[in-house]
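In: Pasted the sequence and its predicted model underneath.
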Amino acid sequence: MKKVLLMATMAVIANVQITEAAFTGPSGDVNTTVEQVKKMPDDTNVVLRGYIEKALGDEKYVFKDDTGSIVVEIDDDDWGGLDVSPKDKVEIRGEVDTHMMKPTDIDVDTVQLVK
């Protein structure tokens with residue numbers, strides 16, 4: 001009887017689909033500003049809120065908050081289907097990208113509208 005129960009339990013477990021999950025709540029660095037980003041080391045994870053002012057071409061855009069402006073790189077597949085204008089407040093999450101011969105920018109992973 002125990003063998004049958006064990007085999008039935010294993011069969012049920014084998015049919016369970018495992019899905020990926022991720023934390024979607026706020027992080028501790030939501031209040032990062034453009035001014036702060038310009039002083040951070042390479043590959044630092046950041047979250048900023050502000051406005052995408054204009055497109056520069058080659059997936060590069062000017063992002064602005066109350067402390068200044070910075071170039072951000074947003075790959076086409078990182079927009080998540082959003083249509084954003086300079087009037088729309090957004091939250092961007094990404095990494096600081098420092099360079100030796102040009103200004104620091106941000107490699108964006110996600111863009112979300114802020115309500």
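Out: Nice, thanks for sending it over.

In: Skipping adjacent residues, who's closest to residue 70 in space?
Out: Using Cβ to Cβ, 6 or more residues apart in numbering and skipping the chain neighbours, the partner closest in space to residue 70 is residue 34 (4.8 Å). The C-beta positions use only the backbone N, C-alpha and C, and glycine is treated the same way.

In: any low-confidence regions in the protein?
Out: 1-30 (pLDDT under 70).

In: Hmm, the residue nearest to residue 70 is touching residue 62, no?
Out: No - the pair residue 34 / residue 62 is not scored as a contact, 10.4 Å apart, by Cβ atoms under 8 Å.

In: what touches both of those two?
Out: Shared contacts of residue 34 and residue 62 (Cβ atoms under 8 Å, 6 or more residues apart in numbering): 69-70.

In: more neighbours, those two?
Out: residue 34 (20 against 15; other Cβ atoms under 10 Å).

In: wait, what's in contact with that one?
Out: 48, 50, 63-65, 67-70.

In: Try it again at 10 Å.
Out: Going by Cβ atoms under 10 Å, 6 or more residues apart in numbering, residue 34 touches 46, 48, 50, 63-70, 72, 104, 106.

In: Just the ones of those in strands?
Out: Within the contacts of residue 34, residues falling in strands by DSSP state E are 46, 48, 50, 63-65, 68-70, 72, 106.

In: Give the buried subset of the contacts of residue 34 as a PyMOL selection command.
Out: A single PyMOL command selects the buried members of these (16 or more other Cβ atoms under 10 Å):
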select buried, resi 46+48+50+63+64+65+70+72+104+106
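
In: now, the most widely separated pair of the contacts of residue 34?
Out: Spatial extent of the contacts of residue 34 (Cβ to Cβ) is set by the pair 66 and 104 at 18.2 Å.

In: follow-up on the earlier one: dump the contacts of residue 34 into TSV; add distance to residue 84 as well.
Out: Formatted as TSV, these follow (distance: Cβ to Cβ, whole Å):
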residue	distance to residue 84
46	18
48	14
50	12
63	11
64	13
65	15
66	18
67	20
68	19
69	16
70	16
72	12
104	22
106	15
